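*Asks:* coords please:
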Amino acid sequence: SGINAEYGVFGCDQEYLSQMYDLFYSELGDEVVYFTIDGPGDYTCGSYNNTKVLTTLDYLEDNDKGQFTEQYFEELRGFQPRGPLVNSEYYTGWLDKWGSPHKTRSAVTLREGIRKLLSLHANLALFVWHGGSNFGLDGADYTATATYDYDAPVSESGDIKADKILGS
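*Replies:* Model (predicted):
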């Protein structure tokens, strides 16, 4: 069960993290895997430096070769020496902002990044596979559009972007 997502960007309160773990554990027990998600370097504040909670990463590689992936996981190993390597949010694209062009990510970049992760025996989850909507609930970011497309392999309307899935 994911205890928090990107908390390390916003806070560094180990007491809060301890209380969150206790709350989750009291409800779910020891039959689930507990994990956190933070960007490279942010896990030192957003994660647990123990063996009870797995630290996972999220990041976007803006190059075609995944050149930073090895560095990110090497740094994570210094913090968490054991456990699986996981990118819990491997971005298929990025969010759109009002007044800005639609963000896209090349299929080549996406596929090469996935290949790099798999070559390191890392696990990944694509964020997002199918675009959607936040139904006008914009949270704290009033500049983000209501679409949650993220240039996903399957668009918000359900169209399949063959190049994202099959290659060009």
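
*Asks:* the residue lying farthest from the centre of the chain: what secondary structure?
*Replies:* Here the centre of the chain is the reference, and by Cα atoms, centre = their mean the most remote residue is Ser26, at 25.9 Å. What DSSP: H, G, I helix; E, B strand; the rest coil gives for Ser26 is helix.

*Asks:* the one 5 residues further on too?
*Replies:* Using three-state DSSP, the secondary structure recorded for Glu31 is coil.

*Asks:* and it, how far is that from Ile3?
*Replies:* Distance of Glu31 to Ile3, computed by Cβ to Cβ, to the nearest Å: 15 Å. No exception for glycine: its C-beta is placed from N, CA and C like everyone else's.

*Asks:* between those two, who's got more neighbours?
*Replies:* A count of neighbours by other Cβ atoms under 10 Å puts Ile3 above the other of Glu31 and Ile3, at 20 against 6.

*Asks:* which helix or strand contains that one?
*Replies:* Taking DSSP states H and E as the criterion, the element that holds Ile3 is strand 2-5.

*Asks:* which stretches of this structure form helices?
*Replies:* In the chain, the segments counted as helices under DSSP state H are 7-10, 14-28, 43-46, 69-79, 107-119, 162-166.

*Asks:* got a list of contacts for the first one?
*Replies:* Residues outside helix 7-10 that contact it (Cβ atoms under 8 Å, 6 or more residues apart in numbering) are 17, 36, 38-39, 41-47.

*Asks:* thank you, goodbye.
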